[in-house]
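>>> Give me a model of this one.
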Amino acid sequence: MNTNSIAELVVSLAVVAIPVLGAYVAKFLKSNKVAATLISVLTPLAKDAVIAVEKLGVTQYLEGELKKSKAVEYVVDALEKLGFTKADKDTIANAIETQYAALSQDGTLDQYKQMTEAQSTEATKKEALEKAQTALANANQTVVEAQKKVNELQGTAAATAEASK
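Alright, predicted model coming up:
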């Protein structure tokens with residue numbers, strides 16, 4: 001084999017290999033760009049989700065794990081709206097825990113006084129009492145209307161009986 005043949009073989013292999021390697025490198029860079037974008041977006045979304053769930057805990061009794069799962073749900077929904085269809089829930093949960101710890105430590109979450117189980121039970125009882133009172137008021141109104149109708153009909157019947165005598 002002469003040197004020209006070897007040189008031509010090397011050039012031919014390079015011509016075939018460069019597009020394949022280029023495609024691989026482009027795919028690698030693109031996947032890393034998506035990962036970098038996900039990481040940069042995940043932190044503020046996790047922070048917002050933690051604050052939203054803490055605000056929700058002011059008006060509803062939510063236990064720790066339920067808060068965490070709601071926060072994960074909020075972040076997953078937000079990521080889907082941004083076009084990230086495959087998001088690892090463990091990564092999201094870790095980001096939420098990190099943000100919760102940071103926000104707890106800096107005192108941001110102290111302003112949200114969480115509803116206790118006793119307060120929730122009391123609120124539920126109060127709501128049930130209000131509904132029962134409303135139902136009773138409606139029933140009383142219906143009874144009054146029915147009594148008026150009965151009186152009216154009795155008056156009409158008495159008048160008809162008088163007229164037929």
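>>> so what's the residue nearest to the spatial centre of the chain up against?
By CA atoms, centre = their mean, the chain has its centre lying nearest to residue 74, at 3.9 Å. By CB atoms under 8 Å, 6 or more residues apart in numbering, the contact list for residue 74 reads 45, 48, 49, 52, 53. No exception for glycine: its C-beta is placed from N, CA and C like everyone else's.
>>> In terms of helices and strands, where is it?
If you go by DSSP states H and E, residue 74 is part of helix 64-81.
>>> now do residue 149
helix 117-164.
>>> what is the mean pLDDT for that helix?
Across helix 117-164, the average pLDDT comes to 78.
>>> Distance from that helix to the middle of the chain?
Centroid displacement of helix 117-164 relative to its chain, using CA atoms, centre = their mean, to the nearest Å, is 41 Å.
>>> Mind giving me the packing neighbours of that helix?
Contact partners of helix 117-164 among helices and strands, from 3 or more CB pairs under 8 Å, 6 or more residues apart in numbering; DSSP states H and E: none.
>>> Per-residue pLDDT of residue 4, please?
So residue 4 comes in at 68 (pLDDT).
>>> again with residue 108
If you check residue 108, the pLDDT there is 77.
>>> roughly how far apart are it and residue 63?
Using CB to CB, to the nearest Å, one gets 21 Å for the distance from residue 108 to residue 63.
>>> In terms of neighbours, single out the busier of the two.
With other CB atoms under 10 Å as the criterion, residue 108 and residue 63 differ in neighbour count, and residue 108 comes out ahead with 15 against 10.
>>> Report how many residues lie close to residue 57.
Burial of residue 57 is recorded as 20 neighbouring residues (other CB under 10 Å).
>>> Please identify the helix or strand for it.
helix 3-59.
>>> helices or strands next to that helix in the packing?
helix 64-81, helix 89-105.
>>> how far off helix 64-81 does that helix point, in degrees?
130 degrees (axes from the mean of the first three to the mean of the last three CA atoms, to 10 degrees).
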